[in-house]
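how would this look folded up:
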Amino acid sequence: MAVEIQAEMVANVWQVVAQEGDDVAEGDTVLILESMKMEIPVLAEAAGVVAEVKVTEGDVVQEGDVLAVIA
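Numbering: from 1, shown residues only. Modelled structure (predicted):
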């Protein structure tokens, strides 16, 4: 079952840490958002393989946007 990782706030994508095809464990950092000069790590909510990364560094995301999918 695929798990979508969603943005919890309006922010900039500062760094994409995990790439498509990477294995991740629950709690691993998938990407890092930046908002108001603060870095916010976005963590994998389940173990699996990163099936899709839907953002690139520098993108602006809105609350609820899907950032990545873990299968």
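
Surely residue 65 is in contact with residue 8?
No. Residue 65 is not in contact with residue 8 according to CB atoms under 8 Å; the separation is 9.9 Å. For glycine as for every other residue, the C-beta is placed from the backbone atoms N, C-alpha and C.

which of these two has more neighbours?
residue 65 (18 against 15; other CB atoms under 10 Å).

How many neighbouring residues does residue 23 have?
Neighbour count for residue 23, taken as other CB under 10 Å: 12.

Quick check: it touching residue 49?
Yes. In this structure, residue 23 is within contact of residue 49 by CB under 8 Å, at 5.7 Å.

Which residue is the nearest non-sequential neighbour of residue 33?
Of all residues not flanking residue 33 in the chain, residue 11 sits nearest, at 3.8 Å (CB to CB, 6 or more residues apart in numbering).

which ones are touching that neighbour?
Counting by CB atoms under 8 Å, 6 or more residues apart in numbering, residue 11 makes contact with 33, 34, 35, 40, 60, 61.

now residue 61
By CB under 8 Å, 6+ apart, the residues touching residue 61 are 7, 10, 11, 12, 13, 33, 55, 67.

which stretches of the chain aren't confidently modelled?
By pLDDT under 70, the chain contains no weakly predicted segment.

hmm, back to that, which of the contacts of residue 11 sit farthest apart?
Maximum pairwise distance in those, criterion CB to CB, is 13.8 Å, between 40 and 60.

which one of these two has more residues nearby?
Each of residue 40 and residue 60 has its neighbours counted (other CB under 10 Å); residue 40 has more, 15 against 12.

from what I can see the more buried one touches residue 29, true?
No. If you go by CB under 8 Å, residue 40 and residue 29 don't touch, sitting 10.3 Å apart.

Tell me the spatial nearest neighbour of residue 10, not counting adjacent residues.
Nearest to residue 10 is residue 62, by CB to CB, 6+ apart, at 5.6 Å.

Do I have it right that that neighbour meets residue 8?
No. Counting by CB under 8 Å, residue 62 sits too far from residue 8 to count as a contact (10.6 Å).

picking up where we left off before, now distance to residue 19 too, for the contacts of residue 61, in JSON lines please.
Output for those, formatted as JSON lines (distance: CB to CB, whole Å):
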{"residue": "7", "distance to residue 19": "19"}
{"residue": "10", "distance to residue 19": "24"}
{"residue": "11", "distance to residue 19": "20"}
{"residue": "12", "distance to residue 19": "19"}
{"residue": "13", "distance to residue 19": "14"}
{"residue": "33", "distance to residue 19": "17"}
{"residue": "55", "distance to residue 19": "12"}
{"residue": "67", "distance to residue 19": "13"}
